[in-house]
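A.B. asks: Would you be able to build a 3D model of this:
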Amino acid sequence: MATVVLPGPLSRRTGGEDRIALPGGTAGDVLKALEAAHPDIRGWVLDEHGRLRRHVNVFVNSERAALDHPVADGDEVYVLQAISGGAGSDAELLVGTRKGLYVLRGSRGDAMRVVHREFGGDTVEYAMRDPRSGRYFASVTSGHFGPRLFLARDPAGPWEQAEGPAFPADAGASVTRIWVVVPGSEKEVLWAGAAPAALFKSADGGRTWALNRALWDDPTRPKWEGGAGGLALHSICPWPGDPKRLAIGISAAGVWITEDGGESWSHHVEGLVARYVPEDTPAGEVNHCVHKIERSPVEPTTLYMQFHGGVYRSDDAGATWIDIGADGGLPADFGFPLVADPGDPNRAFVIPLVADVDRVTPEGRLRVYETRDRGASWRPLTRGLPQENAWATILRQAFCHDGGEPLGLYFGTESGSVYGSADGGESWTEAARQLPPVVSVRSA
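C.D. replies: Got it, this is the predicted structure:
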């Protein structure tokens, strides 16, 4: 038996069931069994000829599948409604702001419309959609009630509050911000990074969370210092296909790597130059302010980093780091966001800011910089972006890709604009404007 996983709108046609065990040797067989068991869903997934409807996608486990895709016992068949709701609309963005979550929909690389707003008045630190389950997640910080994590089948709700992430009583700490939520390499496993610099794991699709004690109890922790945003664990880089290997980035405690599923951790900052501390600072001090790390999924040994003054690359899974921002043509090597091309390990994107004392785009020009040679050279991508009096700030979680071909790129500014490109950054469109200050942008 395989398990069919349905989004909220479709589960309403199965009496509220969103996980249904059904027989079948192919994805098509399983879907026909779904129709036989729940006649009200007929015509919503398959058309009258038994073909997959235009605005429906099917995944078997994590792989997009046609109807003849083989299905084995224990497989999960995800039925995902296309986000369009109509022809020509093929992009959905989850935009976290200081005043709620905004769901944008429209054509890739074109102006988009706000179709829903949630958590009004609260800061949405991060929102994402897990492509394996179709669940949406939102990290919400209330000025009155603190941080909470919510999940939903549909961004229009209803939203369910997760149990955690939260510290156990003996940890002597409280979560002050949930920075990021990332799907793991195993079914139903997700990772969350929080302040003060804690890693949490969920093994049940994000409903409950447990603290990783090995990292929390590391003996060097008393020496860790936070950056301007606090002691933040904001970057989590799973190793595709290997749940035991994980790299994380902490501001300002550097890079940490586990190769045993989080039972133990090692600290890796070789090659990083912290120009903001005195030259005679002892080598053992933990003071490396990582701003963002991303791993290449097709070459997992390759990682890219935006540092607090410097852009770096690692060729050995994060053990050592090479400066790729000093002489390649960047107008500045300070910044927060970074995107690694998911299909090309030689390609990455950054959005530079002047410096830590002046966190705006250099020369008042809004430019995304691309490398296609692993950081040996960088070129500006500016078509469609304002090049005069554009003093923008883009935060670490406010830049993303959509995994498409050609690659879609999206970023948001603290001045409330969201920009999108459907051609790998060659041209840009202002997808939305006059939003509250943008904290995060993720493609769903």
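A.B. asks: which residues of the stretch 101-250 of the chain fall in helices?
C.D. replies: Using DSSP state H, counting those that start in this stretch, the helices of the stretch 101-250 of the chain run over residues 213-216.
A.B. asks: pLDDT weak spots in the stretch 251-400 of the chain?
C.D. replies: Counting by pLDDT under 70, the ranges of the stretch 251-400 of the chain that qualify are 277-286.
A.B. asks: neighbouring contacts of stretch 28-40?
C.D. replies: Residues from elsewhere that reach stretch 28-40 (Cβ atoms under 8 Å, 6 or more residues apart in numbering): 2, 4, 13-15, 17, 20, 22-24, 41-42, 45-46, 50, 58, 67-68, 71, 77, 79. Quick note: C-beta positions are derived from backbone N, CA and C, even for glycine.
A.B. asks: Filter those residues down to the ones in helices?
C.D. replies: Mapping those onto helices (DSSP state H) picks out no residues; all lie outside.
A.B. asks: what comes up buried for the top strand by length along the chain?
C.D. replies: When every strand of the chain is counted residue by residue (DSSP state E), the longest turns out to be strand 242-251. The neighbour-count check on strand 242-251 (16 or more other Cβ atoms under 10 Å) flags 245-251 as buried.
A.B. asks: Out of those residues, show me where the pLDDT dips lowest.
C.D. replies: Scanning the buried residues of strand 242-251 for pLDDT, the smallest score is found at Ser251, 94.
A.B. asks: So it is in contact with Ile293, correct?
C.D. replies: No - in this structure Ser251 lies outside contact range of Ile293 using Cβ atoms under 8 Å: 10.7 Å.
A.B. asks: Do a quick rundown of the strands in the stretch 301-444 of the chain.
C.D. replies: Residue ranges of the strands in the stretch 301-444 of the chain, as given by DSSP state E, counting those that start in this stretch, are 303-307, 310-314, 322-323, 334-340, 348-353, 368-371, 379-381, 399-401, 409-412, 418-421, 429-432, 438-443.
A.B. asks: So what does the closest residue to Thr413 other than its chain neighbours look like in phi/psi?
C.D. replies: With Cβ to Cβ, 6 or more residues apart in numbering as the measure, Ala392 is the residue that lies nearest to Thr413, at 4.3 Å, once sequence neighbours are left out. Main-chain torsions, Ala392, degrees, to the nearest 10: phi -100, psi 160.
A.B. asks: From Pro70, how far out is Val438?
C.D. replies: Val438 sits at a distance of 43 Å from Pro70 (criterion: Cβ to Cβ, to the nearest Å).
A.B. asks: Tell me which of these two has more neighbours.
C.D. replies: For Val438 against Pro70, the residue with the higher neighbour count under other Cβ atoms under 10 Å is Val438, and the figures read 26 against 12.
A.B. asks: who's in contact with that one?
C.D. replies: Listed by Cβ under 8 Å, 6+ apart, the contact set of Val438 reads 95-97, 395, 398, 412-414, 416-418.
A.B. asks: Closest one of these to Ala444?
C.D. replies: Within the set of these, Val95 lies nearest Ala444; the separation is 10.5 Å, counting by Cβ to Cβ.
A.B. asks: send the alpha carbons of whichever strand or helix holds the closest one over as PDB?
C.D. replies: According to DSSP states H and E, Val95 maps onto strand 91-97. Extracted C-alpha coordinates of strand 91-97, given in PDB (Å, rounded to 0.1, in the frame of the first residue of the first chain):
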ATOM      1  CA  ALA A  91       4.600  31.400  -9.100                       C
ATOM      2  CA  GLU A  92       3.800  31.700  -5.400                       C
ATOM      3  CA  LEU A  93       5.900  33.700  -3.000                       C
ATOM      4  CA  LEU A  94       5.700  33.600   0.800                       C
ATOM      5  CA  VAL A  95       6.900  37.000   2.000                       C
ATOM      6  CA  GLY A  96       7.500  37.500   5.700                       C
ATOM      7  CA  THR A  97       7.400  41.100   6.900                       C
END
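A.B. asks: Now do it: distance to the chain's middle.
C.D. replies: 11 Å (Cα atoms, centre = their mean, to the nearest Å).
A.B. asks: Which neighbours in the sheet does it have, and how are they oriented?
C.D. replies: Partners of strand 91-97 in the sheet, by DSSP bridges, are strand 100-106 (antiparallel), strand 438-443 (antiparallel).
A.B. asks: Give me the phi and psi angles of the residue nearest to Val189 when sequence neighbours are not counted.
C.D. replies: Leaving aside its chain neighbours, Val189 sits nearest to Ala203 (5.7 Å; criterion: Cβ to Cβ, 6+ apart). Note on Ala203: its backbone torsions stand at phi -110, psi 10 [degrees, to the nearest 10].
A.B. asks: contacting residues around Ala203?
C.D. replies: Remark: with contacts taken as Cβ under 8 Å, 6+ apart, Ala203 is in contact with 186, 188-189, 210.
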